[in-house]
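> got a predicted structure here, sequence first:
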Amino acid sequence: MELVYAVCVGFMSACGIFLMLRGHTFTLVIGLTMLSYAVNLFLFASGGLTIGAPAVLNGSENYADPLPQALVLTAIVIGFAMTAFAVILAMRGRSELGNDHVDGTEPFDRLAAEDKS
Amino acid sequence: MSLFDHLVIFPVLVPFFIAVALLLPSLTNSLARQRVITITANILMVVIAFTLLFTVKEQGIQVYALGDWSAPFGIVLVADTFSVLLVCLSAILGLAVTLYASAGEDKNGDFFHPLIMFQLMGINGAFLTGDAFNLFVFFEVLLIASYALLMHGGGKQRIQANIHYVFLNLIGSSLFLFALGTLYGTLGTLNFADMADRIPLLSHNELLITKSGALLLLAVFGLKAAMLPLHFWLPKAYASTSAPVAALFAIMTKVGIYSIWRIHGAMFADQAGELANIALPWLWPIALLTIAIGAIAVLASQSLRVLCSNLVVVSVGTLLVTICLNTVQATAAGIYYLLHSTIACAAMFLLAGLIQQQRGKAEDRFVASRAMPQAGILGFVFALLAIALIGMPPLSGFVGKALILQSVTNANQAMWVWPLVLVAGLIALIALSRAGTSLFWRTSGESTNELKGQPIQYVAIGLLVAILPLMVIFGGAVSDFSQLAAEQLKTGLTLQQLNEVAQ
């Protein structure tokens, strides 16, 4: 289980980072969302992975560490708020700047310019 | 239980309640009422912060267990001298900023006053919190307020700078959580005192994981503190936003520096066993390069606000050097310099706002334009602030730099630190003289009186400028406080002591 879990977290972070390197706010938002999923899964695993153990301290001998779950909950709430803000900012930037590149202007494409001339 | 027992949480709760109150309909509709309330609240905050400072000095470190849950599981606020000094600093800055903005800057967009209060809440919380996860939470509180404040007033340039700022910080937040997860995985706790207790006890195969978590945290804090090579967002963001917001942001980089100090300067310091001083080999070159590159950027700046932003980068580098020096004396010098540089930079940003307002289209760029209507007083304040920022006597910049240079005892370290800090000062002198001459002397045409600054703006700047000589006159008292702060930071509390104090 640990291996599958680790591969999932790693794959998700890799996808997130790849998307964030694209330089457009749309892919950046998607990449950030993926990265924050990966973060949440990672935080959840930081207390150790267990099967069939309740999270609450109900007197049973075998219980899962409740603290990472509290942390994940907080991280999810904050992550949602931040993603919502990022989406609105990206839309505002798109409408004010006329394109969705993070620098506000599309970088000069030499090959396309040569094709035209 | 008197109200006095809850003093530690007041710097977080007061801005929170004021901010929420400001969102109520009868207050959102009237800017005049909002101004009165925020200014009163900020005066109250200054009083609270200084009461807390003297309480901590008399009675030692204060610990506040929220909901009376004891430390490793419950959330605690820890008020030691260092954090309370910074809370005082943020209260003073908040007061100056709201005074300045009340002259009309707050009209340019909605919710300026509530956002300032939320931002102050986040800053104070980050300084006072006693565990790493709440540090993250308060970071997010101050960041989300800062995202909105940075855009205050709108405009293409601000949105574009804000996109960089927001997305970089969001990535930083994700890395922050990765780092916290890593540290929690090996240490099993996120309480600062508990973490410091457990770091020396780590087993051999956990060392590498803990180290990577700690270094990831360094990168995150470095992003917030604008240390090289993660500082590129700063000049653009600070130079494009409005003057009061930029002035308040002068303390934001210091939140990052504070966290580096807390985690890498204290928790992973000499007593941390095999993980002692893990950040130092990285921090040394970064600190020196931050000063060097910052100083070069100061020379290349084409407007006063960009110049001032780059001076912030230089001050970050200087503070990183004091973290690297890793002695109580250097830490004390660093804390003194931190207080000075934040106030001087904030005052310079406010002054740049006034200059920009009075020069019309030329704004604060170093080009010839019509004369400013109040050039006399602005020039005088500019000269004072320049002296302080360069580090010439008799203002606090000189004392700060002298203390830092004095604390470099090792000849090998002195060989690097002395020339860099002094040459950075010389470069600041050259750049600021050039800025002053072109802003105040290269004028053509008549000035118009309608652009004059309002008295309340001068009060705000005067408030900050007055502190600089006061930090020299009461230098003994201030350096006593910074000495105490450095000692408390370096010794730290164990979990047991923390819970005893909380009782």
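Nice, I can see it. Numbers count the residues shown, from 1 in each chain, chains lettered A, B, ... in the order given.
> what about residue 66, how many residues close to it?
The chain I'm using is chain A. Neighbour count for A:Pro66, taken as other C-beta atoms under 10 Å in any protein chain shown: 14. Bear in mind the C-beta positions are built from the backbone N, C-alpha and C, glycine included.
> correction: the question concerned chain B.
Using other C-beta under 10 Å, B:Leu66 has 13 other residues around it.
> repeat that for the one 5 residues further on.
Using other C-beta under 10 Å, the number of residues around B:Ala71 comes to 25.
> that one contacts B:Asp194, doesn't it?
Yes. Contact criterion C-beta atoms under 8 Å: B:Ala71 and B:Asp194 qualify, at 6.8 Å.
> tell me, what's touching these two both at once?
Counting by C-beta atoms under 8 Å, 6 or more residues apart in numbering or on different chains, the contacts common to B:Ala71 and B:Asp194 are B:Leu495.
> who in chain A is up against chain B?
Within chain A, the residues that sit near chain B (C-beta under 8 Å from any C-beta of the partner chain) are A:20, A:25, A:28, A:32, A:35-36, A:39, A:42-43, A:45-48, A:67-68, A:71, A:74-75, A:78, A:81-82, A:85-86, A:89-90, A:92-93, A:96-97, A:102-104.
> of those residues, keep whichever come out buried.
Buried by 16 or more other C-beta atoms under 10 Å in any protein chain shown: A:20, A:25, A:28, A:32, A:35-36, A:39, A:42-43, A:45-47, A:67-68, A:71, A:74-75, A:78, A:82, A:85-86, A:89-90, A:92-93, A:97, A:102, A:104, out of the residues of chain A next to chain B.
> quick one: which of these sit in helices?
Counting by DSSP state H, the part of these found in helices is A:20, A:25, A:28, A:32, A:35-36, A:39, A:42-43, A:45, A:67-68, A:71, A:74-75, A:78, A:82, A:85-86, A:89-90, A:92-93, A:97.
> ok, B:Leu223 to chain A distance?
From B:Leu223 across to chain A, the span is 14 Å (C-beta to the nearest C-beta, to the nearest Å).
> could you report the pLDDT at residue 76?
Answering for chain A, as no chain was given. At A:Ile76, the predicted lDDT confidence score is 91.
> could you do chain B instead?
89.
> can you check B:Leu280 too?
For B:Leu280, the model assigns a pLDDT of 87.
> which one is it nearest to, not counting chain neighbours?
B:Cys324 (5.9 Å; C-beta to C-beta, 6 or more residues apart in numbering or on different chains).
> check contacts around that neighbour.
Contacts of B:Cys324 (C-beta under 8 Å, 6+ apart): B:Leu280, B:Leu283, B:Trp284, B:Ala287.
> contacting residues around A:Ala38?
When the contact criterion is C-beta under 8 Å, 6+ apart, the partners of A:Ala38 are A:Val9, A:Gly10, A:Met12, A:Ser13, A:Gly16.
> I'd like to know which of those are buried.
With burial judged by 16+ other C-beta under 10 Å, the buried subset of these is A:Val9, A:Met12, A:Ser13, A:Gly16.
> chain center to the lowest-mean-pLDDT helix or strand in chain A, what's the gap?
Ranked by mean pLDDT, DSSP states H and E, the weakest helix or strand in chain A is helix A:110-116, scoring a mean of 78. Using C-alpha atoms, centre = their mean, to the nearest Å, the mean C-alpha position of helix A:110-116 is found 35 Å from that of the whole chain.
> show me where the stretch 51-200 of chain B has its helices.
Here the stretch 51-200 of chain B has its helices, by DSSP state H, counting those that start in this stretch, at B:81-101, B:112-128, B:132-150, B:156-187, B:192-198.
> mean pLDDT, distance to chain A and mean neighbour count for those helices - can I get that in JSON lines?
Putting the helices of the stretch 51-200 of chain B into JSON lines (pLDDT from 0 to 100; distance: least, C-beta to the nearest C-beta, whole Å; neighbours: other C-beta atoms under 10 Å in any protein chain shown) gives the following:
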{"stretch": "helix B:81-101", "mean pLDDT": "93", "distance to chain A": "22", "mean neighbour count": "26"}
{"stretch": "helix B:112-128", "mean pLDDT": "93", "distance to chain A": "12", "mean neighbour count": "27"}
{"stretch": "helix B:132-150", "mean pLDDT": "91", "distance to chain A": "5", "mean neighbour count": "22"}
{"stretch": "helix B:156-187", "mean pLDDT": "90", "distance to chain A": "4", "mean neighbour count": "22"}
{"stretch": "helix B:192-198", "mean pLDDT": "88", "distance to chain A": "12", "mean neighbour count": "22"}
